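In: here's a sequence, model it:
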Amino acid sequence: MIDMAPNLVLVVTIAVMFTVGVYLVLERSLSRVLIGIILLGNGANLLFLVAGGRAGRPPIVGLEPEGQMSDPLPQAMVLTAIVITLGMTAFLLAMAYRSWQLNRHDEVQDDVEDRRIARLAAIDLRAVQDADTEESGQSLDEEAEEARDETDDRREGGPS
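Out: Here you go, the predicted structure:
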């Protein structure tokens, strides 16, 4: 019987990396968001490797018995995750550098529209009134049945 229990230290490390990574991604500072993305990426890499099972022999068919070979899919997923994390890191570094050049800080600020929507949400009002659907009282399905499409003419023998 093969022991498939994961190492408890790795599981705790993954949980801590995801927890701290999510916390940092929710911050306003781009440098903290960058560190959070890196931690989330590394946590995902460890999760893939732990979920892939125990290490084994190289996965070359014919040289090793199938029960002793390692699964190559988690290794390919980790390689892909490394490339994605590297791309996100480069993008966030460029954003943080540009923000530092323009504002001398790297904090993301609310714009006027964000503040207006937050204010309306606090008093529980809609930001936009939809006059098309609110006045007619029809559901979206009923309106879709009545809507005329330009392509309907061609199917019904109309002008082409």
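In: average pLDDT across the helix or strand hosting Val22?
Out: Using DSSP states H and E, Val22 falls within helix 8-25. For helix 8-25, the mean per-residue pLDDT is 95.
In: buried ones in that helix?
Out: 13-14, 17-18, 21, 24 (16 or more other Cβ atoms under 10 Å). For glycine as for every other residue, the C-beta is placed from the backbone atoms N, C-alpha and C.
In: can you list contacts of that helix?
Out: 32-33, 35-40, 42-43, 46-47, 50 (Cβ atoms under 8 Å, 6 or more residues apart in numbering).
In: could you redo the last one with a cut-off of 7 Å?
Out: With contact meaning Cβ atoms under 7 Å, 6 or more residues apart in numbering, helix 8-25 is reached by 32-33, 35-37, 39-40, 42-43, 46-47, 50.
In: reformat those as JSON lines; add pLDDT, distance to Gln68 and secondary structure.
Out: Listed next are the contacts of helix 8-25 as JSON lines, based on pLDDT from 0 to 100; distance: Cβ to Cβ, whole Å; DSSP: H, G, I helix; E, B strand; the rest coil:
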{"residue": "Arg32", "pLDDT": "92", "distance to Gln68": "44", "secondary structure": "helix"}
{"residue": "Val33", "pLDDT": "91", "distance to Gln68": "43", "secondary structure": "helix"}
{"residue": "Ile35", "pLDDT": "94", "distance to Gln68": "39", "secondary structure": "helix"}
{"residue": "Gly36", "pLDDT": "95", "distance to Gln68": "39", "secondary structure": "helix"}
{"residue": "Ile37", "pLDDT": "94", "distance to Gln68": "37", "secondary structure": "helix"}
{"residue": "Leu39", "pLDDT": "96", "distance to Gln68": "34", "secondary structure": "helix"}
{"residue": "Leu40", "pLDDT": "95", "distance to Gln68": "33", "secondary structure": "helix"}
{"residue": "Asn42", "pLDDT": "95", "distance to Gln68": "29", "secondary structure": "helix"}
{"residue": "Gly43", "pLDDT": "95", "distance to Gln68": "29", "secondary structure": "helix"}
{"residue": "Leu46", "pLDDT": "93", "distance to Gln68": "23", "secondary structure": "helix"}
{"residue": "Leu47", "pLDDT": "92", "distance to Gln68": "24", "secondary structure": "helix"}
{"residue": "Val50", "pLDDT": "87", "distance to Gln68": "19", "secondary structure": "helix"}
